[in-house]
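Enquirer: Only the shape, not the letters, is given here:
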């Protein structure tokens, strides 16, 4: 049996969500790691964009960038445009999928990375949008996060990055591109959007996970798909690659 922690599980499942030939705009943290791994595993023609100004970098094993804005994130890039130009690629429809994280997410896939609590006197101040709002407003995007009730809330304290907004056709009526949040990958399973309702439902669980655990760790009445599936566990080859990319476990620290 292959042993892995919850962060490694999320990382592997996140990389699998990316397909060969796509253009992905990857945010910092887990999205950065997963995009690089996907390119090396099964998607050699995956084109990665990083906000700092990298188009199609080819990151070397052992030279993992600490963020999307440092020099190592541009290694092998075919272009190094300005941040403004990078975000214009999203707005002009050149990006297939965005890849983000967030402190809070609600049932419509809206993300909060601004603050927790009251606007005037917040409990926690978060880093804000960066390019996340642009990515979320212009693409179908994926989210990677730990599955906790404090993160999966009925309503985010602030919509930093829009998913389906208020459900139904509200995203389209607001003039935003795409369908918003298409998948949320957690250590318990995978949530996918029901396009008709614009609401996230539990579409898959990971090996050994009871779907009731995902429901109990969600702050809204999470619907379980009638066609609920079980994911394939990480392989030795996948884990070996991730551990070689992140030997100091900066990204792969367990939440357990």
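Expert: In hand now; what should we look at? These figures come from a predicted structure and were not determined experimentally. Numbering: from 1, shown residues only.
Enquirer: Tell me who's in contact with residue 86.
Expert: Shown in contact with residue 86 (Cβ atoms under 8 Å, 6 or more residues apart in numbering): 25, 49, 50, 51, 52, 53, 55, 131. Heads up, the C-betas are built off the backbone N, CA and C, glycines and all.
Enquirer: possible to save those residues as a markdown table with secondary structure, neighbour count and distance to residue 116?
Expert: Shown next, in a markdown table, are these (DSSP: H, G, I helix; E, B strand; the rest coil; neighbours: other Cβ atoms under 10 Å; distance: Cβ to Cβ, whole Å):
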| residue | secondary structure | neighbour count | distance to residue 116 |
| --- | --- | --- | --- |
| 25 | strand | 30 | 25 |
| 49 | strand | 29 | 29 |
| 50 | strand | 30 | 27 |
| 51 | coil | 22 | 23 |
| 52 | coil | 19 | 27 |
| 53 | coil | 19 | 31 |
| 55 | strand | 18 | 34 |
| 131 | coil | 23 | 21 |
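Enquirer: Just the local confidence number for the residue nearest the centre of the chain, please.
Expert: The residue lying closest to the centre of the chain (Cα atoms, centre = their mean) is residue 143, at 2.6 Å. For residue 143, the model assigns a pLDDT of 97.
Enquirer: quick one: low-confidence ranges for the stretch 1-150 of the chain?
Expert: Scanning the stretch 1-150 of the chain for pLDDT under 70 picks out the ranges 1.
Enquirer: swap the cut-off to 90 and go again
Expert: For the stretch 1-150 of the chain, applying pLDDT under 90 flags the ranges 1-2, 27-29, 52, 59-72, 101-102, 119, 130-131.
Enquirer: From the contacts of residue 86, pick the one nearest residue 31.
Expert: residue 25 (8.9 Å; Cβ to Cβ).
Enquirer: thinking again about what came up before, farthest-separated two in the contacts of residue 86?
Expert: 55 and 131 (14.1 Å).
Enquirer: can you give me the strands for the stretch 1-150 of the chain?
Expert: 23-26, 47-50, 54-55, 97-100, 104-105, 111-112, 115-117, 122-125, 140-144 (DSSP state E, counting those that start in this stretch).
Enquirer: Note down every partner strand of the longest one and its orientation.
Expert: In the sheet containing strand 140-144, its partner strands are strand 97-100 (parallel), strand 180-185 (parallel), by DSSP bridges.
Enquirer: Name the residues that touch the longest one?
Expert: Read it as strand 180-185. Contacts with strand 180-185, where a contact means Cβ under 8 Å, 6+ apart, come from 10, 13-14, 17, 97, 105, 108-111, 136, 140-145, 162-165, 171, 190-193, 198, 200.
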